[in-house]
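Undergrad: Fold the following for me, if possible:
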Amino acid sequence: MASTKEERRKWGHFPSQDVDVSTAFELLEWSWYRFARSTEALEVTVIRAVLAELEPWSQTVTKSARDGERRKAASVFLRVAADDTTDQTLLTTWRTAVNALKVFESQYEFGSKEKAARLTELRKNERIVEAARAAAVGSTNVPLELLAVLAMEGSEPSADALLPHVERALKDEAQLEPLSRLGRYAAKTKAMTALMSLIEGRLDAARTSAPANELAKALGIASGKRFRVDVRVAGTGNRFFWISIDSDLPGPAFYGGVGGERTSTDLHHADGTTECSLLELPTYLREAAKKLETTWEFRSASTRHLRGKRLATFLSWLEGTGSHLGKA
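TA: Reported below is the predicted structural model:
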């Protein structure tokens, strides 16, 4: 059954002829992709009205600092990308600009051929590149795809626009891994190669000293620069626990949960803390088993990424029957 007009609007699907200024900003707040779909064919008078309100809109109070920064990015990008010299140039550059926003938020995987092809087209448009530089400099919260356009273009001005994001990432390791993904798109220019090398060097250092890698080395099961394992263990009385460890992931050294049919405890909290440290996991799981009056059935554990002797060593440590590491 076809969707009704009201249902389409509920999902942010408006024909351009039905979009006024207030609706345009509601859509832009909701989703750049939905905004682009509904505003690429706006009438020139509406486009001019939206452009006139972009800067004051970007400066209004938002629910969070990140939302405010994202408003700045959209506002700066659209105002630089749109050329209002004549009605025709405005209509043409506006359509190109909003379709760029659509590419930035499209559902294609970041490293996919489809995403790469669309980003390559944007990189060929000098006005879009300039708008991307302005947005990158003017906001701390921009899509990775927007930064990828700059990495593709590769000039010193583009590297300079990326630099503030790199500098913040060097102080916050959680931001390093996303920025490292730009490497697959980065032009082989001197400026961009130096920037990517800086990111990769710091990321390699962070991975080497990651608690997960330190644990793997101590247990004698390290292999390469990355250590990861997912474990789910059932217990008697319909209890269970799951643990996910990955040295490449930012934030806590592990994620996990312990529980039963009706209640569970998430070992990872919203503020980035955990119920215990990585090395304390065996002790925590033994104490949890006592509280839940269960016995963990390690012999039937469901696991990923590790196998053979390395897996057996890890499970023995987690159970508390192997290495002394992690015992109280």
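Undergrad: CA atoms of the strand or helix carrying V233 as PDB?
TA: Here V233 sits within strand 228-235, counting by DSSP states H and E. Output of strand 228-235 as PDB, limited to C-alpha atoms (Å, rounded to 0.1, in the frame of the first residue of the first chain):
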ATOM      1  CA  ARG A 228      40.500  -8.700  19.900                       C
ATOM      2  CA  VAL A 229      38.200 -11.400  21.200                       C
ATOM      3  CA  ASP A 230      34.400 -11.700  21.800                       C
ATOM      4  CA  VAL A 231      33.200 -14.200  24.400                       C
ATOM      5  CA  ARG A 232      29.700 -15.300  25.500                       C
ATOM      6  CA  VAL A 233      29.400 -17.800  28.300                       C
ATOM      7  CA  ALA A 234      26.200 -19.300  29.700                       C
ATOM      8  CA  GLY A 235      25.800 -20.200  33.300                       C
END
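Undergrad: ok, then the element right after it?
TA: For strand 228-235, the succeeding helix or strand toward the C-terminus, using DSSP H and E, is strand 239-246.
Undergrad: Each with direction, which strands does that next one pair with?
TA: Sheet partners assigned to strand 239-246 using DSSP bridges are listed as strand 228-235 (antiparallel), strand 254-259 (antiparallel).
Undergrad: between these, which gets nearest to E43?
TA: Proximity to E43, assessed across these by Cβ to Cβ, is greatest for strand 254-259 (49.6 Å). All C-beta spots, glycine's among them, are computed from the backbone N, C-alpha and C.
Undergrad: quick one: pLDDT of G272?
TA: With respect to pLDDT, G272 has a value of 74.
Undergrad: Ok, S264 next?
TA: Among the per-residue scores, S264 holds a pLDDT of 80.
Undergrad: Pull up the gap between it and A161, please.
TA: Distance, S264 to A161, by Cβ to Cβ, to the nearest Å: 45 Å.
Undergrad: Point out where the stretch 151-300 of the chain drops to low pLDDT.
TA: 250-251, 261 (pLDDT under 70).
Undergrad: who touches the residue nearest to P211 when sequence neighbours are not counted in this structure?
TA: Leaving aside its sequence neighbours, P211 sits nearest to A253 (Cβ to Cβ, 6 or more residues apart in numbering; 3.9 Å). Counting by Cβ atoms under 8 Å, 6 or more residues apart in numbering, A253 makes contact with 210-212, 245, 274, 277-278.
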